[in-house]
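Trainee: Need a 3D model of the following:
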Amino acid sequence: MAGGFRYKVWDPPLIISQIVTMQAVFYVGLGVWVATLDLFTGHHRSLDSLFKYQELQVKEVHGRTVMAAFILNALTSSLGLWKVVQRTKQCLDFTVTAHVIHLCASWWYNGHLPSQPSVWLLNLVTVTLMCVLGEYLCMRTEMQHIPVLGSSKVDL
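Mentor: Residues are numbered from 1 along each chain as shown. Next up, the predicted model:
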């Protein structure tokens, strides 16, 4: 495939390694943001902040802090999409995969799915932020490879 941006081949090991890497970026970023913001609130650090639905309370300071960590993590994870996935078309796929895996892990940790609308709204917001910013960054990189000006003219 001469002149193409990337040769398109079904490569399961590549896809699986990208999923694992994006999940690692997601959880490391979330852990760093939660730990950093917990320093400011004085709340103890635990896995409950990452996985417990009850921690995401709008009425409590710690709940709002954890929500802010999830939103900041969406921005951080979009950088991971840019560096790991590198394809605009695949950003939505990897974003939803990371969030579905987190939903399954939280479901296992809690023993039930969330019933609070704030949890579902937060997930919708973070999926949107991570995907849109990741697509924007990937698209800018992909567009750099397309020459627009200064190319040779062809007479028809």
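Trainee: which secondary structure elements does the biggest helix by length in the chain contact?
Mentor: Counting by DSSP state H, the longest helix found in the chain is helix 12-41. Counting contacts by 3 or more C-beta pairs under 8 Å, 6 or more residues apart in numbering; DSSP states H and E, helix 12-41 is packed against helix 48-51, helix 61-80, helix 91-110. Placement of C-beta: from N, CA and C, glycine included.
Trainee: Summarise which helices and strands the second one is packed against.
Mentor: On a contact count with 3+ C-beta pairs under 8 Å, 6+ apart, helix 61-80 meets helix 12-41, helix 48-51, helix 117-144.
Trainee: Tell me which of those helices sits most buried.
Mentor: Sort the helices and strands packed on helix 61-80 by mean neighbour count, taking mean count of other C-beta atoms under 10 Å, and helix 48-51 sits at the top with a mean of 18.
Trainee: Quick one: distance of that one to the chain centre.
Mentor: 17 Å (C-alpha atoms, centre = their mean, to the nearest Å).
Trainee: what's in contact with it?
Mentor: Outside helix 48-51, the residues that touch it by C-beta atoms under 8 Å, 6 or more residues apart in numbering are 27, 30-31, 34, 38, 43, 54-55, 62, 66, 69, 105-106, 109-110.
Trainee: 10 Å instead?
Mentor: The contact list for helix 48-51 (C-beta atoms under 10 Å, 6 or more residues apart in numbering) reads 27, 30-31, 33-35, 37-38, 43, 54-56, 62-63, 65-66, 69-70, 73, 102, 105-110.
Trainee: Kindly report the same for stretch 130-140.
Mentor: 22, 26, 71, 73-96, 98-99.
Trainee: need the contact list for residue 44.
Mentor: By C-beta under 10 Å, 6+ apart, the neighbours of residue 44 are 38, 62.
Trainee: May I have the secondary structure class of it?
Mentor: Three-state call for residue 44 (DSSP: H, G, I helix; E, B strand; the rest coil): coil.
Trainee: Could you check how far it is from residue 32?
Mentor: Applying C-beta to C-beta, to the nearest Å, the value for residue 44 to residue 32 is 16 Å.
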